[in-house]
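# next input, structure requested:
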Amino acid sequence: ACDAITRRGAAFIALHRNRRFADAQGRCSPSVGAIVEAIAYATQAEPIVIGKPSEAYFRQALDDLSLPAESVMVVSDDPLSDLAGAKRMGMQAAFVLSGKYRDASVTESIAQPERPDVVVATIGELLATGAVTI
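Numbering: from 1, shown residues only. Next up, the predicted model:
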């Protein structure tokens, strides 16, 4: 990838920049973002991110659904990337603790405007609050 970017002028495209992921036992491992950052550092090139949390990704979803941002709630187990991007687009955000992050304190490092609107243990709990309808 580094050679293609620096010597051949290839586009540097990344799906996302997630820092880490957790396996079924909750053990943390580096995610795609760690590799993206290594390539960016080595090449001094900035990647084009085409997945969450890029504005283009969320804009396409809103356009495809013909919905205004304020009427959409994005639900994710990653408040650091997925939900911050949704909040920047004007969408509501729900953080579920049943996935990658099991502790709500992870949101303390996020700027206030990008913090999730709702934190729940499971999607079922989110539905039970009445904040979301399907």
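# buried ones in stretch 17-26?
Arg17, Asn18, Arg19, Phe21 (16 or more other CB atoms under 10 Å). The way it works is simple: take the backbone N, C-alpha and C, and place the C-beta from them, glycine included.
# any low-confidence regions in the protein?
134 (pLDDT under 70).
# tell me the centre residue of it?
Asp82 (1.9 Å; CA atoms, centre = their mean).
# and it, how far from Ala14?
Counting by CB to CB, to the nearest Å, the gap from Asp82 to Ala14 is 15 Å.
# try Ile48
With CB to CB as the criterion, Ile48 and Ala14 are 7 Å apart.
# settle it for me: which of those two has more neighbours?
Ala14 (19 against 11; other CB atoms under 10 Å).
# next, that one: phi, psi?
Note on Ala14: backbone dihedrals following degrees, to the nearest 10 are phi -130, psi 140.
# make 12 the starting number, not 1.
All set: I'll call the first residue 12, so the last point we hit is now Ala25.
# what does stretch 43-54 contact?
Under the contact criterion CB atoms under 8 Å, 6 or more residues apart in numbering, stretch 43-54 has outside partners 12-13, 16-17, 23, 25-31, 56-58, 92.
# which non-adjacent residue is nearest Gly101?
The shortest distance from Gly101 to any non-neighbouring residue, by CB to CB, 6 or more residues apart in numbering, is to Ala80 (3.8 Å).
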